[in-house]
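Visitor: any chance you can model this:
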Amino acid sequence: MRRKKKHGWIKLLGNLYLGIVLIFAVSPLLWGLITSLKLSKDIITFPPKWLPIPMTFEHYAAVLTGSKLLLYLWNNLIVAVGTIILSLVIGVHGAYATSRFNFKFKNIIVFGILATSMVPGISILVPLYLSSVKMNLHDTFISLILVYSAWQMPTVLWILRGFIDRIPRELEEAAYIDGCSRLGAFYRITMPALRPGLGAAAILVFVFVWNDWLISSVLTISDSKRLLQVGLYRYVGDYGVEWGRFMAYVMISTIPIIAAFLALQRAFIQGLTSGSVKG
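Guide: Coordinates of the predicted model:
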């Protein structure tokens, strides 16, 4: 009885903690949604109005018709998809090599790759800018895809490496007996089993690209190549922030992230949990 009672208290405290975390996570998003639906005069009133009464969609209409939001969304989609493809193609092969092969200084090299992701982005912005200009890649999607892919490669490699470690080598060895080469066994046996890990890595890369402002603000200059988060600063002026349109812009820009996560949430959760523990 004591154990059951203790287990019940632990479960209750755990649920309470998760509830508090959920409130902290959802509250900013909910307040942004409420702000985007208020009249401009109601946004700056004090004490604040907690509910958008009367409700208006004028800020959404202004953002959709008076800005280049749809163009920026399309640019983000191009760069995000290109980054996901490039980082996954290179990362999955690197993960397989570090998981299945033994070579000199293997652990040092792998940890060195991981350490590169800890370098602050602002510390290498100038070299990135100069390199893109010298290679005539400045203000192009290619430069953004290359930089984002390099930035996310350590994360992708480590996620997929942990997942490959869980796949029994005997499956590949059985494929060798049936006549498959090492690459053939990798593509036919290992890759299909990596779908949850690939989904988890794809979500992380997508979110990083979608939310980045620092790199895209330096490597792009024209509206035709500008990304979503850079365009958000259109509503930050010398005399303050247009909070209604600012929040409407934010709400629209979060829709693709929410949709992507809902579509791949099972693969994301399974990929993280399966790849985090070596069996």
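
Visitor: ok, and the closest non-adjacent residue to G244?
Guide: H59 (3.9 Å; CB to CB, 6 or more residues apart in numbering). Bear in mind the C-beta positions are built from the backbone N, C-alpha and C, glycine included.

Visitor: assign that neighbour to helix, strand or coil.
Guide: Under DSSP: H, G, I helix; E, B strand; the rest coil, the three-state class of H59 is helix.

Visitor: isn't it right up against M251?
Guide: No: using CB atoms under 8 Å, H59 is not in contact with M251; the gap is 9.2 Å.

Visitor: who's more crowded, the two?
Guide: H59 (25 against 18; other CB atoms under 10 Å).

Visitor: quick check: that one vs I43, distance?
Guide: To I43, H59 is 9 Å away according to CB to CB, to the nearest Å.

Visitor: so what sits against both of the two?
Guide: G244 (CB atoms under 8 Å, 6 or more residues apart in numbering).

Visitor: what sits in contact with each of H59 and M251?
Guide: In contact with both H59 and M251: S36, using CB under 8 Å, 6+ apart.

Visitor: and the helices in the stretch 1-150 of the chain, which stretches?
Guide: 2-36, 40-43, 58-66, 69-100, 106-116, 125-134, 141-165 (DSSP state H, counting those that start in this stretch).

Visitor: which elements pack onto the fifth one?
Guide: With contacts defined as 3 or more CB pairs under 8 Å, 6 or more residues apart in numbering; DSSP states H and E, the secondary structure elements packing on helix 106-116 are helix 69-100, helix 141-165.

Visitor: tell me the angle of the helix or strand that the last one is followed by relative to helix 69-100?
Guide: Put plainly, it is helix 141-165. Later in the chain than helix 141-165, the nearest helix or strand by DSSP states H and E is helix 169-177. Interaxial angle, helix 169-177 versus helix 69-100 (axes from the mean of the first three to the mean of the last three CA atoms, to 10 degrees): 80 degrees.

Visitor: ends of stretch 41-50, what's the gap?
Guide: 14 Å (CA to CA, to the nearest Å).

Visitor: same question for stretch 94-109.
Guide: So stretch 94-109: terminal residues 12 Å apart, CA to CA.

Visitor: what residues sit buried inside that stretch?
Guide: Neighbour-count burial for stretch 94-109 flags 94-96, 98-100 (criterion: 16 or more other CB atoms under 10 Å).

Visitor: just stretch 53-71 next, same as before
Guide: In stretch 53-71, counting by 16+ other CB under 10 Å, buried: 59-60, 62-63, 67, 69.

Visitor: and if you look at stretch 135-154?
Guide: Under 16+ other CB under 10 Å, the buried positions of stretch 135-154 are 137-141, 143-154.

Visitor: what's the most buried one of the helices of the stretch 1-150 of the chain?
Guide: Greatest average neighbour count among the helices of the stretch 1-150 of the chain goes to helix 141-165 (a mean of 22), per mean count of other CB atoms under 10 Å.

Visitor: for the residue positioned nearest the centre of the chain, phi and psi?
Guide: The structure's the chain has its C-alpha centroid closest to V207; by CA atoms, centre = their mean the separation is 1.9 Å. With angles defined as degrees, to the nearest 10, V207 sits at phi -60, psi -40.

Visitor: tell me how far the closest residue to it other than its chain neighbours lies from L77.
Guide: Leaving aside its sequence neighbours, V207 sits nearest to I257 (CB to CB, 6+ apart; 6.1 Å). Distance of I257 to L77, given as CB to CB: 12 Å.

Visitor: what does L227 give?
Guide: With distances taken as CB to CB, L227 is found 10 Å from L77.

Visitor: could you export stretch 72-91 as CSV, CA atoms only?
Guide: C-alpha atoms of stretch 72-91 as CSV (Å, rounded to 0.1, in the frame of the first residue of the first chain):
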residue,chain,number,x,y,z
TYR,A,72,9.6,34.6,-47.8
LEU,A,73,7.7,31.4,-46.9
TRP,A,74,8.6,30.0,-50.3
ASN,A,75,12.3,30.9,-49.9
ASN,A,76,12.3,29.3,-46.5
LEU,A,77,10.8,26.1,-47.9
ILE,A,78,13.4,25.9,-50.7
VAL,A,79,16.3,26.4,-48.3
ALA,A,80,14.9,24.1,-45.6
VAL,A,81,14.2,21.2,-48.0
GLY,A,82,17.6,21.7,-49.7
THR,A,83,19.3,21.7,-46.3
ILE,A,84,17.5,18.6,-45.1
ILE,A,85,18.3,16.6,-48.2
LEU,A,86,22.0,17.6,-48.2
SER,A,87,22.6,17.1,-44.5
LEU,A,88,20.8,13.8,-44.4
VAL,A,89,22.5,12.4,-47.4
ILE,A,90,26.0,13.3,-46.1
GLY,A,91,25.1,12.7,-42.4
